[in-house]
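Undergrad: Sharing a model that was predicted from the sequence below.
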Amino acid sequence: MIEVPAQTELQELGVIQLECNDRTPYQARKAVAAWAGVAHPAQEILILATSELITNAVTHAGDIDWIELKLSQGLDFLRLVVTDPGLACSTPSRIPMQASNLYAEQGRGLAIVESLSRGRWGSHRLPVNGHRSVWCHLDLCPTPAQLEELFRASV
C-alpha cells in the first residue's frame with residue numbers, strides 16, 4: 001500500500017493583485033511586510049524573496065497588466081506565490097544557476113531565491129488559464145545562524 005502524505009493546512013496571510021509597472025516590487029515588499037508584521041523572524045528573507053520573484057515577473061513576463069502575490073503560512077514554513085499571465089510561448093522550468101560575476105547587475109535573482117528557500121521553489125503553468133506561478137517555501141522561524149549564513153557577504 002502506498003502511503004499518501006497528509007495535506008498541509010495553509011493559512012492565507014494575504015493576497016493582492018498589483019498593476020505591473022516599475023513600482024510593483026516596492027508595493028509587493030510593502031504588502032508582505034504588512035502581512036507578516038515587523039517582528040516576524042522571517043521578515044528579511046521574505047521581503048528579499050518577494051522582491052526577487054516580483055522583479056523577475058516584471059522583467060521577464062512580457063507585456064502584462066498584472067501580477068498576483070499570495071502569502072500563506074504552513075506549520076513551519078511560509079509559502080510565497082507570484083502569478084502572472086506570462087508569455088504565451090514561455091515554458092516555466094527550473095532555470096539553471098548562472099555563473100557568479102561580481103559585476104553583473106542581472107542573473108542572480110533565482111540563485112538568491114534558491115538559497116533563501118533552501119531549494120524549495122519551482123514554477124508551473126496553471127492548467128485552467130495558462131498563467132504562470134512561481135513559488136517558494138521559506139523557513140517560518142529561521143535561526144540567527146541560518147540568517148547569518150544567508151546574508152553573509154561572499155568574498
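TA: The structure has been received and is ready for your questions. Numbering: from 1, shown residues only.

Undergrad: drop to CA atoms for contacts and neighbour counts, all remaining ones
TA: Fine.

Undergrad: who are the neighbours in contact with A49?
TA: I112, V113, L116 (Cα atoms under 8 Å, 6 or more residues apart in numbering).

Undergrad: P25 contacts I47, correct?
TA: No. Judged on Cα atoms under 8 Å, P25 makes no contact with I47 at a distance of 9.8 Å.

Undergrad: who has more neighbours, those two?
TA: When P25 and I47 are compared for neighbours, P25 comes out ahead with 22 against 19, by other Cα atoms under 10 Å.

Undergrad: mind checking which helix or strand the more buried one is in?
TA: Counting by DSSP states H and E, the element that carries P25 is helix 24-36.

Undergrad: which residues of this protein score low on pLDDT?
TA: Where the chain drops to pLDDT under 70, the residues are 1-8, 87-107, 153-155.

Undergrad: All the helices of it, residue numbers only.
TA: Using DSSP state H, the helices of the chain run over 24-36, 43-60, 109-116, 144-151.

Undergrad: ok so, going back, give the buried residues for the helix holding P25.
TA: Neighbour counts using 16 or more other Cα atoms under 10 Å place T24, P25, Q27, A28, R29, A31, V32, A33, W35, A36 of helix 24-36 among the buried residues.

Undergrad: Quick check: the gap between the third one and G109.
TA: Distance of Q27 to G109, computed by Cα to Cα, to the nearest Å: 18 Å.

Undergrad: Take the buried residues of helix 24-36 and lay them out in CSV including distance to L75.
TA: Formatted as CSV, these follow (distance: Cα to Cα, whole Å):
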residue, distance to L75
T24, 29
P25, 27
Q27, 27
A28, 23
R29, 23
A31, 21
V32, 18
A33, 20
W35, 17
A36, 15
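
Undergrad: just those now: which is nearest F77?
TA: Set against F77, the nearest of those by Cα to Cα is A36 (12.3 Å).

Undergrad: Next, the contact list for that closest one, please.
TA: L13, Q43.

Undergrad: any idea how far it lies from L46?
TA: A36 sits 9 Å away from L46, going by Cα to Cα.

Undergrad: No further queries at this time; thank you.
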